[in-house]
Structure formats: structure tokens, C-alpha cells
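[1] Using only what follows, build the 3D model:
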Amino acid sequence: MTSATLWTVQALLAFLFLFACGMKLIVPVEAMMAQMPLKLSGMFVHFIGCCEVAGALGLVLPGLTHVRRQLTPLAAWALVLEMVGATVYTLLGGGGAGALFPLVVGLLCAAVASGRRSYFATA
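    Residues are numbered from 1 along each chain as shown. Predicted coordinates for the structure are as follows:
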């Protein structure tokens with residue numbers, strides 16, 4: 001992938017994760033629990049939201065500031081792990097087709113992590 005393509009994917013993923021974390025941190029837990037197929041604790045949902053904030057910022061800020069750029073692929077791999085969990089959670093909840101979205105997002109995060117692995121050489 002070219003650098004421009006990676007930056008575009010990183011920005012889109014950052015916006016996606018910031019929106020998702022906003023929903024997890026702002027919407028009342030009771031309202032979210034009503035929509036979830038499997039129940040999770042409110043603290044765990046807030047933890048996931050905080051991880052998404054950190055991941056979204058980790059996708060773009062190190063590359064923009066040129067400070068600790070090797071954090072970008074690490075953030076992307078962490079988000080891949082989160083999306084694996086989201087895919088499994090969706091499948092266990094009975095949402096077969098719904099599991100495609102976190103799966104595709106996870107694959108995009110893996111593409112960013114792979115494309116930005118050169119950041120480790122310049123660390």
C-alpha cells in the first residue's frame with residue numbers, strides 16, 4: 001500500500017473507533033445492554049471504549065507528530081485483537097452476517113499494522 005492509502009485508511013479507522021468509543025462512553029449502559037445479544041458488565045464496556053480511544057489516537061498521532069512512530073503498528077495490532085473479540089462476540093450472539101463488519105475492520109487494522117512495520121526500522 002502507498003503511504004497516502006495507509007494515511008486514508010488510518011484516518012477512517014480513527015474516526016470509526018472514536019465514534020464507537022463515544023457511543024460506549026456517552027450512551028447510558030442500560031440503553032446499550034438492551035441492544036446487546038450477550039450481556040457484558042458496564043465497566044467492561046467502558047474499558048473497551050477507553051481502549052478504542054487509545055487505539056484511534058495511536059493510529060494517527062505518532063505518525064503526525066513523528067514521535068514514537070513505532071506505536072502506530074502496535075496500536076493497529078491491538079485493535080486487531082479487539083476486533084477479533086468483537087467478531088467472536090457477534091458470532092456467539094447469533095449475528096452471523098453482523099460479524100462481517102468487525103472482521104473487515106480488523107483486516108483493515110492488520111493492513112495498517114503491516115504497512116507501517118517500517119516504523120520499527122526507524123525507531
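[2] Phe47: how many residues sit nearby?
    Using other C-beta atoms under 10 Å, Phe47 has 13 other residues around it. All C-beta spots, glycine's among them, are computed from the backbone N, C-alpha and C.
[3] tell me which element it falls in.
    Assigned by DSSP states H and E, Phe47 belongs to helix 42-65.
[4] Sketch out the helices for this structure, chain order is fine.
    Secondary structure of the chain (DSSP state H): helices located at 3-26, 29-35, 42-65, 71-92, 100-115.
[5] ok, of these, where does mean pLDDT dip lowest?
    Ranked by mean pLDDT, the helices of the chain end with helix 29-35 at the bottom, a mean of 83.
[6] List the buried residues in that one.
    Across helix 29-35, burial judged by 16 or more other C-beta atoms under 10 Å covers no residue at all.
[7] which other residues reach that helix?
    Helix 29-35 is contacted by residues Met23, Lys24, Lys39, Leu40, Gly42, Val45, His46 when judged by C-beta atoms under 8 Å, 6 or more residues apart in numbering.
[8] which one of those sits closest to Ala75?
    Using C-beta to C-beta, Lys24 is the member of those that sits closest to Ala75, with 17.5 Å.
[9] OK, contacts around that closest one?
    Met32, Val45, His46, Ile48, Gly49, Glu52.
[10] where's the nearest residue in space to the last one that is not next to it in sequence relative to Gly106, distance?
    For Glu52, ignoring the flanking residues on the chain, the nearest one in space by C-beta to C-beta, 6 or more residues apart in numbering is Cys21 at 3.7 Å. Cys21 sits 16 Å away from Gly106, taking C-beta to C-beta, to the nearest Å as the criterion.
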